[in-house]
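>>> need the 3D shape of this:
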Amino acid sequence: MLLWLADAVFALHCGFVLFVVFGGFAVLLVPRLAWLHVPAVVWAVLAQYADWTCPLTPLENVLRERGGGASYSGGFLAHYLAPLLYPAGLTRRHHVVLGTFVAVLNVGIYARLRSRRPRSIARVGWRAGSFVFAVTLVSLTAVVPSAAERITFGVQMAPEKIGYDEIVRTAKLVEELGYDHFWLNDHFIPILGDKDGAHFESWTMLTAVATQTERIRLGLLVAGNTYRHPAVLAKMATTLDHVSRGRLSLGLGAGWEEFEHRAYGIPFHSAKERAERLGEALEVITRLWREHHPTFEGKYYSLFAAPFAPKPVQSPHPPIVVGGQGKRWIMPLVARYADEWNVPVGVSPEGMRERLGIVRAECERLRREPCVRGVSVFLPLANITRIPLAGPVTRLGARLMVDERAARSVLAGSASDIKARLREYVDAGATSFIITTRPSIDHDLMRRFATEVAAELRPAAVPAPRP
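Residues are numbered from 1 along each chain as shown. Presented below is the predicted three-dimensional model:
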């Protein structure tokens, strides 16, 4: 019974939204409806600009909770419209555009109402419809960012061999320089160099960083699924989303560092099993975030009417970033669960195109629309210099000292050379770049990249809108 009442409130809310947007056409036919429509429009426009939540939303949530259904966080539009149009969540810009659209549309309708002379309903409807179509096109142009605006930049660092204060100083600098996101790796032991070196636990450290930053998005690139049970990870991520006030991106991968697993007694399964576990983990996490008391029985993980409160700040949930490159097992998971695919070190633009083709085909098979929206590329930055042949020499050194994958991905040489290389990835579908200056963090190099490279690959070196 309570769920039926919740559905009735939902239907009432839908009717209210439709009345606000299209009620002006009814006013053209029945002018007396203006007494109801004008206050509704004023409320709706103010709600978009002030980010108010309609009282019907908490009422619907209370009824759904008490009836055993799934409640949701955020407003009506963020919950029901965002998953269709913008999986990462409606931004402040979207709300402003929606509010402006409703205001402009109805001002035009009421101007027509006051000045109209006797004419057929069909003619009025035609002109009003043309007006709606034109304003809608303008609104979509404002809401959907251009290709250049979609290019964002971030920095990843390892919380190793330095203290907490230096990690926080680096995160603050990344934010001040106009980067869009800051990432830590997810390891317990340094993966390069001395294995006995100091290395902090990254989820704990990232939560501390969240309290010391204000604007920049945060995440692990990427968390190893084998290190934590996915239900516990979902709770950890939700906590950080609240601490950061909605700035978390959940990066998750199958796990790959065998030495670390052996050293700490963590089972290191075959590549296929790790991919299967990752798939189940993503199912567990998304169910906990979206459903009320979910139950799931998988091969590796299970849930039994699991309570999960609070839900994340971001609606419908923090963006899910799946990292990996396996064509057979990982790319299908990207297509099914990811809001963003993180391209690991070693994948060329050509390899990226091939894998994106697999993702799109799988999205089509699953009938997932929209498909994966973001593609971030993880690249090591070695230097920015005008010294002749610096790029080829650096890549040769990377091939000899590390491996072919590192040599294929390393950024080195002049700023022009680096920008040309990044444009190859953009042409292949990249929407974001994440650099690292390992083995040690180099603040000067981060500054030069921000001013000499990033600033010229997007309209301005400013932060992207935050979901």
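
>>> regarding this structure, what is its longest helix?
Taking DSSP state H as the assignment, the helix of the chain that covers the most residues is helix 2-29.

>>> could you point out which element follows it?
Heading C-terminal from helix 2-29, the first helix or strand you meet, by DSSP states H and E, is helix 34-50.

>>> check which helices and strands that next one sits against.
Helix 34-50 makes packing contacts with helix 2-29, helix 92-115 when contacts are defined by 3 or more Cβ pairs under 8 Å, 6 or more residues apart in numbering; DSSP states H and E. Quick note: C-beta positions are derived from backbone N, CA and C, even for glycine.

>>> include distance to L192 and mean neighbour count when you put those into a markdown table, please.
What follows is the helices and strands packed on helix 34-50, written out as a markdown table (distance: least, Cβ to Cβ, whole Å; neighbours: other Cβ atoms under 10 Å):
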| stretch | distance to L192 | mean neighbour count |
| --- | --- | --- |
| helix 2-29 | 53 | 16 |
| helix 92-115 | 40 | 17 |
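
>>> would you single out the least confident of the ones you listed?
By mean pLDDT, the lowest-scoring of the helices and strands packed on helix 34-50 turns out to be helix 92-115, with a mean of 67.

>>> distance check, the residue nearest the centre of the chain against L250.
For the chain, the residue nearest the mean C-alpha position is P319 (3.6 Å; Cα atoms, centre = their mean). From P319 across to L250, the span is 7 Å (Cβ to Cβ, to the nearest Å).

>>> quick check, V410 in contact with T394.
Yes: taking Cβ atoms under 8 Å as the definition, V410 is a contact partner of T394 at 6.2 Å.

>>> where do the contact lists of those two overlap?
Here V410 and T394 have A382 as joint contacts, going by Cβ atoms under 8 Å, 6 or more residues apart in numbering.

>>> for stretch 153-168, output the C-alpha coordinates as PDB.
The C-alpha atoms that make up stretch 153-168 are tabulated as PDB, following Å, rounded to 0.1, in the frame of the first residue of the first chain:
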ATOM      1  CA  PHE A 153      43.500  17.000 -16.600                       C
ATOM      2  CA  GLY A 154      44.500  15.300 -13.400                       C
ATOM      3  CA  VAL A 155      47.600  14.200 -11.400                       C
ATOM      4  CA  GLN A 156      48.300  10.800  -9.800                       C
ATOM      5  CA  MET A 157      50.900  10.300  -7.200                       C
ATOM      6  CA  ALA A 158      52.000   7.400  -5.000                       C
ATOM      7  CA  PRO A 159      51.700   8.100  -1.200                       C
ATOM      8  CA  GLU A 160      55.200   6.700  -0.700                       C
ATOM      9  CA  LYS A 161      58.600   7.800   0.600                       C
ATOM     10  CA  ILE A 162      57.200  11.100   1.700                       C
ATOM     11  CA  GLY A 163      55.200  12.300   4.700                       C
ATOM     12  CA  TYR A 164      51.600  13.300   5.100                       C
ATOM     13  CA  ASP A 165      52.300  17.000   5.000                       C
ATOM     14  CA  GLU A 166      54.000  16.700   1.600                       C
ATOM     15  CA  ILE A 167      51.100  14.700   0.200                       C
ATOM     16  CA  VAL A 168      48.700  17.400   1.300                       C
END
